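Asker: The sequence and its predicted three-dimensional model are supplied below.
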Amino acid sequence: MGAVAERAGLSTATLRFYEDRGLIQSTRTTGNQRRYPRHVLRRLAFVTAAQRVGLTLSEIRELLDTLPSDTIPTQDDWAAVAAPWRELVAARIRTLERLQTSLDECIGCGCLSLTRCSLINQDDAAATEGPGSRWVRRAEEAGRRRP
């Protein structure tokens, strides 16, 4: 277990956590030590990459469940699983670009203009919709619906 953790750049606690969540599998020796097949390193690299993309562990598990668990997945297997990430990354880039524009236009601008501010919430009209920011989400959703 320690060797796999070291090679993967993870802690042994992380390996146990991932195993508990069904992301990786091990076998036990008669001395109750965990033994991992070699291909678990690729699965761990996949988990790390998927987390960088922003997938949750449950989403990662769903993707890993589509791959063979007892052999090394082929390059085609990995490509098929990672294909949807391209749009996810592109969507996040668009969101960050909108945030960058908002930084220039709004956040901390100090304009104090109730007639120009795009985030105005006159008479707290949004309070009836519940807690949290919804103005930015609406702008993002409107941006996604545009052709």
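Answerer: That came through, no problem. It should be emphasised that the depicted structure is a prediction, and the values quoted were computed from it without experimental measurement.
Asker: Every contact and neighbour count from this point should use C-alpha atoms.
Answerer: Fine.
Asker: got the residue ranges for the strands in the protein?
Answerer: Using DSSP state E, the strands of the chain run over 27-28, 34-35.
Asker: What residues of the longest helix anywhere in the chain count as buried?
Answerer: Scanning the chain for the helix with the most residues, using DSSP state H, yields helix 85-105. Neighbour counts over helix 85-105 (16 or more other Cα atoms under 10 Å) mark 95, 99 as buried.
Asker: hey, where'd the helices end up in the protein?
Answerer: Using DSSP H, helices in the chain cover 2-8, 12-20, 40-53, 57-64, 75-82, 85-105, 135-145.
Asker: Same list, those helices, but as TSV with distance to residue 32 please.
Answerer: Listed next are the helices of the chain as TSV, based on distance: least, Cα to Cα, whole Å:
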stretch	distance to residue 32
helix 2-8	14
helix 12-20	14
helix 40-53	19
helix 57-64	25
helix 75-82	32
helix 85-105	38
helix 135-145	50
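Asker: Now those helices in a markdown table, please, with extra columns for distance to residue 33 and mean pLDDT.
Answerer: Below are these laid out as a markdown table (distance: least, Cα to Cα, whole Å; pLDDT from 0 to 100):
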| stretch | distance to residue 33 | mean pLDDT |
| --- | --- | --- |
| helix 2-8 | 11 | 93 |
| helix 12-20 | 12 | 95 |
| helix 40-53 | 16 | 90 |
| helix 57-64 | 24 | 90 |
| helix 75-82 | 29 | 85 |
| helix 85-105 | 36 | 79 |
| helix 135-145 | 48 | 66 |
